[in-house]
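Turn this into a model:
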Amino acid sequence: AREEDLPCVLLARQHGPGGISMVGMDNVAGAQTATAHLLEAGHRSIALLGGDEHYDYTELRIEGYRKAMSAQGYSPEIHLGTGDQAARSLLAAHRGETPLPSAVFFINDEHALKGLPILIEYGIRIPQDMSVIGFDDSDNALQCIPPLTTIRVPRFLIGKLAGRTILDHIRYPELDVISILLQTELISRQSVLPRKGR
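Reported below is the predicted structural model:
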């Protein structure tokens with residue numbers, strides 16, 4: 001589109017190549033909100049599970065998670081890969097005497113849907129033994145048992161504003177690059193409990 005000088009808008013991106021308009025959400029702030037929610041519930045050992053660093057949203061959500069953890073003086077623990085791979089990696093890292101984290105933050109709801117069965121099969125009760133939070137508020141969040149506390153992304157508004165932005169670029173060719181960053185929202189469901197002995 002750039003070579004042909006056609007109007008272009010990137011969807012659901014926070015950063016991108018210069019000279020292209022973008023409509024996305026604040027992944028860093030959303031991940032900070034998710035992690036802070038677990039911290040406020042008394043969790044101190046919180047692992048981040050899932051993700052591929054080739055995707056910018058993974059890096060941004062890791063950044064937000066790290067910021068929230070370090071602000072309270074707690075160490076991050078990150079296991080990348082698909083949700084099931086990350087869950088297995090977490091369990092392998094805590095074999096023996098090392099206790100499992102009391103909470104996990106999946107990089108998105110899709111990874112949670114794949115990772116939760118691994119944790120449950122291991123004998124972990126959600127949320128009694130381990131609180132879980134996701135990201136995106138996709139249909140997958142409601143398919144999880146229990147329904148997943150998650151960070152809602154304003155998908156409809158992103159699409160609507162992207163449509164308006166592309167029309168504005170068509171109508172006004174002299175229009176400069178537009179970057180719109182929308183806020184996310186915490187959606188509290190049954191997968192997070194306050195930590196025992198808080």
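
all contacts plus neighbour counts: C-alpha atoms, from now on.
Will do.

Let me see the backbone angles for His111.
For His111, the backbone dihedrals (degrees, to the nearest 10) come out as phi -70, psi -40.

doesn't Leu80 make contact with it?
No: counting by Cα atoms under 8 Å, His111 stays clear of Leu80, with 10.3 Å between them.

the more surrounded of the two?
Using other Cα atoms under 10 Å as the criterion, His111 and Leu80 rank with His111 on top: 23 against 20.

Please give me every residue in contact with that one.
Neighbour list for His111: 49-51, 82-84 [criterion: Cα atoms under 8 Å, 6 or more residues apart in numbering].

mind listing the helices for this structure?
Counting by DSSP state H, the chain has helices at residues 27-40, 56-71, 83-93, 109-121, 139-143, 155-171.

Can I get the second one as CSV, trimmed to CA atoms?
It stands for helix 56-71. Output in CSV follows, covering the C-alpha atoms of helix 56-71 (Å, rounded to 0.1, in the frame of the first residue of the first chain):
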residue,chain,number,x,y,z
ASP,A,56,4.9,-6.5,19.4
TYR,A,57,2.0,-7.0,21.8
THR,A,58,3.9,-9.7,23.6
GLU,A,59,6.8,-7.4,24.2
LEU,A,60,4.5,-4.6,25.3
ARG,A,61,2.5,-6.8,27.7
ILE,A,62,5.7,-8.2,29.2
GLU,A,63,6.9,-4.6,29.6
GLY,A,64,3.7,-3.7,31.5
TYR,A,65,4.0,-6.8,33.7
ARG,A,66,7.6,-6.1,34.5
LYS,A,67,6.8,-2.5,35.4
ALA,A,68,4.0,-3.5,37.8
MET,A,69,6.1,-6.2,39.5
SER,A,70,9.3,-4.1,39.8
ALA,A,71,7.3,-1.1,41.2
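
Worst mean pLDDT across the helices and strands of the chain, which element?
Lowest by mean pLDDT, DSSP states H and E among the helices and strands of the chain is strand 9-11, with a mean of 68.

show me where pLDDT drops low in the chain?
Residues of the chain meeting the criterion pLDDT under 70: 1-6, 9-18, 197-198.

The same query, at a cut-off of 50, please.
The chain contains residues with pLDDT under 50 at 1-2.

Let me see the contact set for the residue nearest to Ser138 when sequence neighbours are not counted.
Once flanking residues are discounted, Ser138 sits nearest to Asp109: 6.5 Å by Cα to Cα, 6 or more residues apart in numbering. Neighbouring residues of Asp109 by Cα under 8 Å, 6+ apart: 134-138, 140-141, 148, 150.

how close does Asp109 get to Thr98?
27 Å (Cα to Cα, to the nearest Å).

Please, a ChimeraX command that selects the buried ones among the contacts of Asp109?
Selecting the buried subset of the contacts of Asp109 in ChimeraX, with 16 or more other Cα atoms under 10 Å as the burial test, is done by:
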select :134,135,136,137,138,140,141,148,150
